[in-house]
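>>> Okay, sequence plus prediction incoming.
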Amino acid sequence: MKRRLLTLAAAGVSLAAAGAICAPVSASADPVHIATPAAAGPASFTCTPFELPAPAGTAVESVTATAAPAGTFQVPGAPPLGGYPVPDVPAHCEVTVTLTHPGANDHAKVQVWLPQAGWNGRFQAAGGAAYAAGNIGAVAAAVKQGYAAATTDAGVDTSGLDSSWALDSRGRINTALLENFAARSVHEMAVVGKQVVDGVYGRAASYSYFNGCSTGGRQGYLEAQQYPTDFNGINADAPAVNWNQFEVATLWPQVVMNEAHTYPTTCEFNAFNQAALKACDKLDGVVDGLISDPNRCDFDPRRLIGTTVVCDGKEYTITAADADVVRRIWDGPRDAFGKRLWYGLPIGADFSYLAASRTDENGVTTGRPFIVPAQWVATFVEKQPSFNTANLGYAQFDEIFRKARAEYDSVIGTRDADLSAFRDAGGKLLTWHGDADQLIPTAGTVDYRKRVDARMGGTEKVDDFYRVFLAPGVAHCGLNGGNVDDLAALTAWVEHGQAPNVLHATLPTATGGTVARDVCRYPMVSRYTGHGDPGAASSFRCVKASRH
């Protein structure tokens, strides 16, 4: 579906990188054209506070209900999750339920919005971004589409950029808030949200959906793994699963540059991506500004050694050190023995988020680590918020990677490959991930899907309830303009048994244009038929991926 790109910014991070943060773009303001479930009309509409049963292990601190008129909703806060308007939000009831876990001194707020008229009979839960557990802007957009919608703040910061809640006054991990953020608050939001729907409308929702990207994607997978009956359908895009591994891994570009004392400029990094595109664009049968199967692209960065590029009027010559930095970043982190720790930046993805640098007034260049993994390592792993991740070397990186995996895998890893309970409950899980994701390596999602296949009987059986789609040329959560019709496809699958073989999409090309394309179901990839307009989806077909 069409998605509104957030204007992103944050202190100390170049480009709009600060905000791209594992941030999901908000749900579409355009209506999703899906038939409303039969007998969806509410029995009544009551926008007043009412008694609410507390989810297991919680106490209800307060319940409020406010009737909100139709109009433009200004999402509170600053980017990435706030500071933008959602126009034409219909009149609705806003119910806020504050929960606490006895003894934890936490206050987790669940917000549920319910359209006064035109309810489509469905409930949608909205996921969060980076260190925020929810997104009220996505709730407003879902209400525009006719959903009763909910989100939670998990009792932590709502900006997505502040992880200071992680440590208590003694400098130790606040385990209650971490548990909220990692798992339990999303489940409690699902329980409360559905109770509120029943209380306001006088009937239960016909279907319940989860919708999120990045951190929201991880939350969706968490639901499928640990709370398999919460939702009929889960749309979990660019999922931040394997959190404790990939967050550390995305500091790898900084480690490589620091060890090599080599910091290529944005222009030089772009030259490597442009050369890779030139070498690999044609592998799908047509030159269209897209690398349809990055795994098939074996462009060697050393081919650019000695090449001159011009950046802002200044000439740079690509060196062997530059090429080696790029090679290592694409390859991904390895330990001292050469064993792969995690996956690298996808070929074609923007370097400027994870491989940013700065040059001071004395001409000294140092790295600028991306804010989300930098906070993860400093605050959660090292428990020293002032810890400087720009100075990491290979040995210390290896140590931190192993420490994070040992301490947090069971807490927030979200990588359990056993989805049998979700399958048996009749749930459907849909994921798309951009092949040019600059913040979460696409290969991590493929790795998870392969592990589910191995555990649960192979690709064909897993496809019955869980499907993955890899979108060529699309950045993290579509932040570069990639639009994928995901929620409509999931709804048709859940409610009508129409399992999607492709997702209809508009993809951004490296030349600044867009093309219509049907994104293929993994492990299939797109190939040109040999005739027709390369900008039209009908000119391509899905085929089995292959190597040279």
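Right, received. Where do you want to start?

>>> Let's check: the centremost residue of the protein is which one?
Nearest to the geometric centre of the chain sits residue 214, at 1.5 Å (Cα atoms, centre = their mean).

>>> pLDDT wise, what is it at?
Residue 214 carries a pLDDT value of 97.

>>> for residue 296, same thing?
89.

>>> Repeat that for residue 482.
Looking at residue 482, the pLDDT reads 85.

>>> Not counting its neighbours along the chain, what's nearest it?
Using Cβ to Cβ, 6 or more residues apart in numbering and skipping residues adjacent in sequence, the residue nearest residue 482 is residue 474, 3.2 Å away. Bear in mind the C-beta positions are built from the backbone N, C-alpha and C, glycine included.

>>> The one you found touches residue 435, doesn't it?
Yes - counting by Cβ atoms under 8 Å, residue 474 touches residue 435, with 6.6 Å between them.

>>> neighbour-wise, which of the two wins?
Set residue 474 next to residue 435 and count neighbours by other Cβ atoms under 10 Å: residue 474 wins out with 30 against 26.

>>> Determine whether the claim that that one is in a helix is correct.
No - according to DSSP: H, G, I helix; E, B strand; the rest coil, residue 474 belongs to no helix; its state is coil.

>>> Residue 196 versus that one, what's the distance?
35 Å (Cβ to Cβ, to the nearest Å).

>>> Over to residue 523?
Distance from residue 523 to residue 196, by Cβ to Cβ: 41 Å.

>>> And residue 494, by the same measure?
Distance from residue 494 to residue 196, by Cβ to Cβ: 21 Å.

>>> Those two: which is more packed in?
residue 196 (26 against 21).

>>> May I ask you to confirm that that one belongs to a helix?
Yes - according to three-state DSSP, residue 196 belongs to a helix.

>>> In this structure it contacts residue 97, no?
Yes - the criterion here is Cβ under 8 Å, and residue 196 meets it with residue 97 at 7.0 Å.

>>> quick one: contacts for the residue nearest to residue 482?
434-437, 480, 482, 484, 505, 507-508 (Cβ atoms under 8 Å, 6 or more residues apart in numbering).

>>> And residue 321, by the same measure?
Contacts of residue 321 (Cβ under 8 Å, 6+ apart): 260, 262.

>>> Where does it sit, in terms of helix or strand?
Secondary structure assignment for residue 321, by DSSP states H and E: helix 320-331.

>>> Mind listing residues that contact the helix or strand following that helix?
Moving toward the C-terminus from helix 320-331, the next helix or strand (DSSP H and E) is strand 357-359. Strand 357-359 has contacts (Cβ under 8 Å, 6+ apart) with 14, 257, 263, 365-368.

>>> Can you say which two of those residues are spatially most distant?
Of all pairs drawn from the contacts of strand 357-359, the one with the longest distance (Cβ to Cβ) is 14 and 257, at 14.0 Å.

>>> Settle it for me: which of those two has more neighbours?
Neighbours per residue (other Cβ under 10 Å) separate residue 14 from residue 257, with residue 257 holding more: 23 against 14.

>>> and residue 261, how many neighbours?
With other Cβ under 10 Å as criterion, residue 261 counts 8.

>>> go on, the one 5 residues further on?
Close neighbours of residue 266, defined as other Cβ under 10 Å, add up to 17.

>>> ok, it touching residue 350?
No - assessed by Cβ under 8 Å, residue 266 is found out of contact with residue 350, at 9.0 Å.

>>> Can you work out which residues contact both of the two?
Common contact partners of residue 266 and residue 350 (Cβ under 8 Å, 6+ apart): none.

>>> For this protein, list the residue farthest from the centre, please.
residue 362 (38.2 Å).

>>> check contacts around that one.
If you count contacts by Cβ under 8 Å, 6+ apart, then residue 362 has nothing around it.

>>> Is it in a helix, a strand, or coil?
coil.

>>> going forward can the numbers begin at 187, since that is how I track them
Got it, first residue is 187 now, which makes that one residue 548.

>>> backbone phi and psi for it, please?
phi -90, psi 0 (degrees, to the nearest 10).

>>> Looking at per-residue confidence, what score does residue 345 get?
Residue 345 is given a pLDDT of 86.

>>> which residues sit in contact with residue 603?
By Cβ under 8 Å, 6+ apart, the residues touching residue 603 are 634, 637-638, 640-642.

>>> For the residue lying closest to it once chain neighbours are set aside, give me phi and psi.
Nearest non-adjacent residue to residue 603, counting by Cβ to Cβ, 6+ apart: residue 637, 4.1 Å away. The phi/psi pair for residue 637 (degrees, to the nearest 10) reads phi -70, psi -40.

>>> Can you give me the neighbour number for residue 637?
Neighbours of residue 637 (other Cβ under 10 Å): 14.

>>> ok, it to residue 327 distance?
To residue 327, residue 637 is 33 Å away according to Cβ to Cβ.

>>> Next: residue 387.
Counting by Cβ to Cβ, the gap from residue 387 to residue 327 is 20 Å.

>>> Which of these two has more residues huddled nearby?
residue 327 (26 against 22).

>>> you'd agree that one is up against residue 272?
Yes - assessed by Cβ under 8 Å, residue 327 is found in contact with residue 272 at 5.7 Å.

>>> check contacts around the residue nearest to residue 509 when sequence neighbours are not counted.
Using Cβ to Cβ, 6+ apart and skipping residues adjacent in sequence, the residue nearest residue 509 is residue 487, 4.2 Å away. Residue 487 sits next to 458, 508-510, 512-513, 516 when contact means Cβ under 8 Å, 6+ apart.

>>> Now with 6 Å, please.
458, 509, 512-513 (Cβ atoms under 6 Å, 6 or more residues apart in numbering).

>>> Of those residues, which is the nearest to residue 472?
residue 458 (22.7 Å).

>>> and that closest one, what pLDDT?
Predicted confidence (pLDDT) for residue 458: 97.

>>> Excluding chain neighbours, what is closest to it?
Using Cβ to Cβ, 6+ apart, the closest residue to residue 458 is residue 512 (4.9 Å).

>>> Same question for residue 695.
Nearest to residue 695 is residue 475, by Cβ to Cβ, 6+ apart, at 2.9 Å.

>>> for residue 236, same thing?
Going by Cβ to Cβ, 6+ apart, residue 236 has residue 385 as its nearest residue, at 5.2 Å.

>>> For the one you found, give its distance to residue 325.
Taking Cβ to Cβ, one finds residue 385 at 17 Å from residue 325.

>>> Equivalent analysis for residue 368, please.
From residue 368 to residue 325 the distance is 21 Å (Cβ to Cβ).

>>> More neighbours: which of those two?
Set residue 368 next to residue 325 and count neighbours by other Cβ under 10 Å: residue 325 wins out with 29 against 22.

>>> Look up the pLDDT of that one for me, please.
pLDDT, residue 325: 98.

>>> go on, residue 597?
Reported pLDDT for residue 597: 96.

>>> which residues pair with the nearest residue in space to residue 321 that is not next to it in sequence across the strands?
Nearest residue to residue 321, sequence neighbours excluded (Cβ to Cβ, 6+ apart): residue 312, at 5.2 Å. Note on residue 312: beta-bridge partners residue 397, judged by DSSP bridges.

>>> Could you report the neighbour count for residue 312?
31.

>>> distance of it from residue 451?
Taken as Cβ to Cβ, the span from residue 312 to residue 451 is 38 Å.

>>> before we move on, back to that, roughly how far does the residue nearest to residue 458 sit from residue 438?
Distance from residue 512 to residue 438, by Cβ to Cβ: 12 Å.
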